[in-house]
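Student: Structure of the sequence below:
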Amino acid sequence: MSKSQRKSKFLRTISFMFQLAIKRMQKINVDSIPNGSVIDIGGGGEGIIGQIGKERVTAIDKFQREIDEAKHKAPEATWVLADARKLEYSDEHFDNATAFFSIMYMSNEDKKKVFKEVYRIISKEGEFWIWDTPITKDEGVFLIKMKVIFPNRTTVRTGYGVSSKIQNVDVTRELLEDVGFRVEIVDSKNKWYFIKAKK
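Tutor: Numbering: from 1, shown residues only. Down below sits the predicted model:
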């Protein structure tokens with residue numbers, strides 16, 4: 001890496017940290033997750049769903065470092081290095097699925113592939129629960145800072161950042177419906193949203 005590339009990376013990191021520091025924290029109550037066995041898409045990092053569902057959760061992530069970071073927070077969960085666009089599970093292998101602030105890292109093309117795979121591997125009556133954020137800027141870095149409140153009222157403070165893109169609840173809903181899901185609940189807040197879709 002050249003000196004100018006290192007400087008550019010350093011400046012991006014400083015900018016990210018500054019924006020994260022000044023962002024207003026969002027309060028997100030995760031009162032429950034789906035029943036039965038759950039595959040959590042992009043579950044590394046904080047491992048929120050794994051911490052709540054414990055041994056019921058198989059959390060997948062395509063980055064080993066994200067899994068390594070989350071494993072000690074939810075040791076009872078099963079952790080798998082995998083690409084959600086092509087999962088090596090049989091049809092209807094899991095009861096339900098979740099994605100907690102992970103689709104924000106995907107292009108719309110990849111989201112559709114992931115949603116199709118989720119549809120395939122969950123049960124006939126399976127549900128897919130998604131927590132994510134609308135993104136309305138197409139330049140720079142988008143950040144969201146949050147306080148996650150678990151069902152037992154313990155809390156985790158965290159933040160997520162991604163290169164800016166356009167993402168909103170309507171597009172997410174359309175992509176889910178395109179692969180066959182029936183969207184039953186949409187709870188749209190100012191800075192984040194929750195969707196419950198049924199197979």
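Student: now the helices: where do they sit in the chain?
Tutor: 3-22, 48-53, 64-71, 108-121, 169-178 (DSSP state H).
Student: which residues does the nearest residue in space to residue 85 that is not next to it in sequence contact?
Tutor: Nearest residue to residue 85 in three dimensions, chain neighbours excluded: residue 113, at 4.2 Å (C-beta to C-beta, 6 or more residues apart in numbering). In this view, the C-beta of every residue, glycine as well, is placed from N, C-alpha and C. For residue 113, the contact set (C-beta atoms under 8 Å, 6 or more residues apart in numbering) comprises 84-86.
Student: related to what we said a few turns ago, which of the helices of the chain has the lowest average pLDDT?
Tutor: If the helices of the chain are sorted by mean pLDDT, helix 3-22 sits at the bottom with a mean of 53.
Student: Identify the spatial nearest neighbour of residue 181, chain neighbours not counted.
Tutor: Nearest residue to residue 181, sequence neighbours excluded (C-beta to C-beta, 6+ apart): residue 197, at 3.9 Å.
Student: Ranking helices and strands of this structure by mean pLDDT, which lands last?
Tutor: helix 3-22 (a mean of 53; mean pLDDT, DSSP states H and E).
Student: if we can go back for a sec, would you quantify the distance from the residue nearest to residue 181 to residue 155?
Tutor: Separation of residue 197 from residue 155 (C-beta to C-beta, to the nearest Å): 27 Å.
Student: more crowded one of these two?
Tutor: residue 197 (25 against 13; other C-beta atoms under 10 Å).
Student: List the contacts of residue 162.
Tutor: Neighbour list for residue 162: 104-105, 135, 141-142 [criterion: C-beta under 8 Å, 6+ apart].
Student: Only the buried subset of the residues you listed, as a ChimeraX command please.
Tutor: To isolate the buried ones among the contacts of residue 162 in ChimeraX, judged by 16 or more other C-beta atoms under 10 Å, type:
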select :104,105,135,142
